[in-house]
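Peer 1: this one's structure only:
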């Protein structure tokens, strides 16, 4: 300690002496004294920085605390410099104190990025690698690392399709082949291959690199067809031997940003009973409106279900007032009206008074204001012996849907230890425990979100005995309160990673880096439903899934610079990966009690247990050589040879080569740098693979079954031993440029990606006994370009720093090649459609050579028949089903275009509507800072896709006979009577389901495979453009001044607040235009989130 004090005193004396060497000229009458502090980007003081008045000899140097004082002329220009840091100019204003941050010049000139099994200078990278550092990740208040990549990387598609806490967004790099679920990139976390980032704490991330092209991703071979995202976690610092402690807390408040335009119960009853009284869709008017079967029906006083009997236990609250008084008594009804919020209205059907309860279910019960608490604590440090980083994290998130949530505990421990001068040991440990509360995870949330969110609000929330009402009978109760009361659901996941590695420098520049890792994931799911009035069997389900991965790598690297001109980096290695998957599932029912929620007490003859065991082995040999001459001429060559056990014997191995080159033109002596300060041309070609299939796809699978009371074995998966590797070939070309001393930076890339032998599930005829077989199908092409532009608009003398980044990408997916099948363009699926240009029928839809993938088709909606006389002249509608087939159209029915003018409406009359996927995406990110304040503004957009509002379609069609109406029934959008056709947007409304009763005025579907939306809204009435501009984020940060922090005995204190998912400008009339399957059905809505956080550093 005494030695350190002496050194500090010596530095003070030295700096004072050096300061006297900078002559301070005569103190002019206009001079005044200023002071300040100079820091680096991490907030540490810069000792000995030179501070001078530009073009004069007036100056000084900073002391051991980075502080300085100087008398300067008014409106002078300061120049602050330090060896190894970028010189900064600062204009003197009326302020007397200045806080100045210098950037590390080496970072600006030679940033290092991860490239897979190594690192490389950004200046010499010739492939599609984009790096996002921790400073950019932490500038966002989102708790999801992937969401924080939104807009930062051109060509990286982040799709937030759900608001379920903990849900990962859909991630695509440069489009997919055909299926987003199987087209996600590979994640590599500290060298460990993962299929997702679940369980990883954002606070632990040091950097993320996105490998977009095959030249960069080919080193991972068999699993790299969809691109790679490399995640490097924090390792600690060996700067001064002192430990750094960081503690942070963030509070998130989430709310549903927008509701569907629900009707209140009063409007719902009026519209439903008025429509039902016409008897068009259902002639049994009395039975429908007075039979107690539907939310708009009376007759609930006669309700009976076992021991539950009478109005107080009916599913719905609608009743004739006089009948209820006669049945239950005046005092009972007075209590309903005066204390329980019941209402009355005049019935448009009978003229009597109705009594009902509007439970405001969607707005007041199903959705809630949700809180998120996020705690993080980390300790890092090191010395000349090594460095370490240890962190604990805990996040507790409520969902905006009642009863949903997400809990995660995480632990990360990384260490690097110098065992000898040439031998370093690396260890890593990661653990996470996740508890997920979703809306019935086993059924993908269908009961609650798809149905409960659109249930009429006249159903009974609670019975008279205080227990929750069922809502709708059967397996989809729709009342979330009932689900939470009777269903016990536990969904937990445990993830553990252990890593060990060595770095042995055998000779100067020659390193041997062996490493091994063990990753295990366990998912334990348990479901039990207690005895209730509609589900008396006490359904029980338990699942236990276990996944284990063993990885081992042996890598040699060699780095050498020859004659200060030739730089060589060579790498050769081997990888072994073994994946073991075990799945156990058991079901049972009819347990005698609610108190033992396991399989044990269920009836033995109703118990069913299944299990599966799968083992996959991948062996890979890889090599890469990076070469550059004077950093001007750049070349990278790599190859990987992989063998995968899932494939049949003759198809196990494949080679994935890659080559890329570049030219740093600005290093040429002749290159003019007056405007263009940096210019790199680059091009690449490479191949990657996809082995996403299991043993069963090539060898078949058998399952047990019971036949005539005896056990047997059944072939459950059909084998295809001719399956070959899915291979992606990618050509990249582009340039990176800097202008005006790199104050404007531009990157432009074009690419052509071909995926051949695409793995997919091929449908089989029913008579085969199998629904599908895994097969290779043709070649898919993704073609597009990407642009990234970063500007620093304000001068270096401005007290305000402003960085703005814009990204833009365009990608379209085409079917390039298909197996010959005799059809035009070898089309798969699709069908004949009238083509007005040629005046004949042509094949379209499905998949066809040369055509873009993802088209949406439907019937062309022309309006509404205003009278019965007009409707009687309608073409024959073959989509009208059942008993309505031969019934004539009536006033209020939809007019569908008869495009071929043959007097018949059928699938040949459909028309092209749009594309499911946007082909253009981009973002604009603004980062501003002034003194200790920082402001971040993010907007992003997507163009070129269309979406069917299936939720609205089903409401107007009253699908399943029991869906809440929207304001369409009262605001003139729905046709009600003659004269409305001129302004009505939609056909007539009827309480008897438009779908179930076959009229098909709203819900229509196309019979051609590969052309329907699977949501029964295949018509132009409910499609609209999905183009949007999203106001994604606004956040404000503040760093407490160092003088205040020192008094608090802390290194730093930062505060932040922000809002994410603020809203959209869009023509789409649903809730979330970020739907890329062409439809919105009522998913878990994406909430608006308010965030507040504080971070302390010790």
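Peer 2: Cool, got the structure. Keep in mind that what you see is a predicted model, and the values were worked out from it rather than measured. Numbers count the residues shown, from 1 in each chain.

Peer 1: which residue is nearest the middle of the chain?
Peer 2: Computing the C-alpha centroid of the chain and ranking residues by Cα atoms, centre = their mean puts residue 169 first, at 1.4 Å.

Peer 1: where does the stretch 901-1050 of the chain have low pLDDT?
Peer 2: Residues of the stretch 901-1050 of the chain meeting the criterion pLDDT under 70: 1013-1015.

Peer 1: strands of that one, start to end?
Peer 2: In the stretch 901-1050 of the chain, strands defined by DSSP state E, counting those that start in this stretch lie at 904-905, 911-915, 920-930, 933-943, 946-949, 1023-1025, 1028-1039, listed in chain order.

Peer 1: also the stretch 601-750 of the chain?
Peer 2: Secondary structure of the stretch 601-750 of the chain (DSSP E, counting those that start in this stretch): strands located at 608-629, 633-644, 653-664, 676-690, 701-707, 710-717, 726-739, 744-763.

Peer 1: between these, which one is closest to residue 359.
Peer 2: Closest to residue 359 of the strands of the stretch 601-750 of the chain, according to Cβ to Cβ: strand 608-629, at 37.9 Å. From N, CA and C alone the C-beta is placed, and that goes for glycine too.

Peer 1: that closest one: which residues count as buried?
Peer 2: Buried residues in strand 608-629, defined by neighbour count with 16 or more other Cβ atoms under 10 Å: 616, 618-620, 622-624, 626-628.

Peer 1: show me which of those is closest to residue 394.
Peer 2: Distances from residue 394 to the buried residues of strand 608-629, taken by Cβ to Cβ, are shortest for residue 616, at 33.8 Å.

Peer 1: and stretch 670-686, how far out from the chain middle?
Peer 2: Counting by Cα atoms, centre = their mean, to the nearest Å, stretch 670-686 is centred 35 Å from the centre of its parent chain.

Peer 1: and the contacts of that stretch?
Peer 2: For stretch 670-686, the surrounding residues in contact (Cβ atoms under 8 Å, 6 or more residues apart in numbering) are 123, 126-128, 213-218, 634, 636, 638, 656-666, 729-742, 745.

Peer 1: in PyMOL, how would I select the buried members of those residues?
Peer 2: Remark: buried members of the contacts of stretch 670-686, expressed as a PyMOL selection using 16+ other Cβ under 10 Å:
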select buried, resi 123+126+127+128+213+214+215+216+217+218+634+636+638+656+658+659+660+661+662+663+664+665+666+729+730+731+732+734+735+736+737+738+745
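
Peer 1: list the residues that contact residue 159.
Peer 2: By Cβ under 8 Å, 6+ apart, the contact list for residue 159 reads 169-172, 180, 1074, 1076.

Peer 1: how far away is residue 136 from residue 927?
Peer 2: 9 Å (Cβ to Cβ, to the nearest Å).

Peer 1: what do you get for residue 438?
Peer 2: Going from residue 438 to residue 927 by Cβ to Cβ gives 35 Å.

Peer 1: do residue 574 as well
Peer 2: 43 Å.

Peer 1: burial check on residue 597, number of neighbours?
Peer 2: Residue 597 has 19 neighbours, counted by other Cβ atoms under 10 Å.

Peer 1: ok, residue 438 and residue 927, which is more surrounded?
Peer 2: Counted by other Cβ under 10 Å, residue 438 and residue 927 do not tie: residue 438 has more neighbours, with 25 against 18.

Peer 1: my read: that one touches residue 487, true?
Peer 2: No - with contacts defined as Cβ atoms under 8 Å, residue 438 does not count as touching residue 487, sitting 11.8 Å away.

Peer 1: got the buried residues of strand 608-629 as a markdown table, with distance to residue 471 columns?
Peer 2: What follows is the buried residues of strand 608-629, written out as a markdown table (distance: Cβ to Cβ, whole Å):
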| residue | distance to residue 471 |
| --- | --- |
| 616 | 44 |
| 618 | 49 |
| 619 | 55 |
| 620 | 54 |
| 622 | 57 |
| 623 | 62 |
| 624 | 60 |
| 626 | 63 |
| 627 | 69 |
| 628 | 68 |
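
Peer 1: nearest to residue 594 among those residues?
Peer 2: residue 616 (41.6 Å).

Peer 1: the closest one - nearest residue in space that isn't next to it in sequence?
Peer 2: Using Cβ to Cβ, 6 or more residues apart in numbering and skipping the chain neighbours, the partner closest in space to residue 616 is residue 579 (4.5 Å).

Peer 1: mean confidence score for the helix or strand that that neighbour is a member of?
Peer 2: Taking DSSP states H and E as the definition, one finds residue 579 inside strand 566-588. The average of the pLDDT scores along strand 566-588 is 95.

Peer 1: which parts of that strand are buried?
Peer 2: So, applying 16+ other Cβ under 10 Å, buried residues of strand 566-588: 567, 569-571, 573, 575, 577, 579, 581, 586-588.

Peer 1: a markdown table for those, including distance to residue 594?
Peer 2: Listed next are the buried residues of strand 566-588 as a markdown table, based on distance: Cβ to Cβ, whole Å:
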| residue | distance to residue 594 |
| --- | --- |
| 567 | 72 |
| 569 | 66 |
| 570 | 67 |
| 571 | 61 |
| 573 | 57 |
| 575 | 51 |
| 577 | 45 |
| 579 | 39 |
| 581 | 34 |
| 586 | 19 |
| 587 | 17 |
| 588 | 14 |
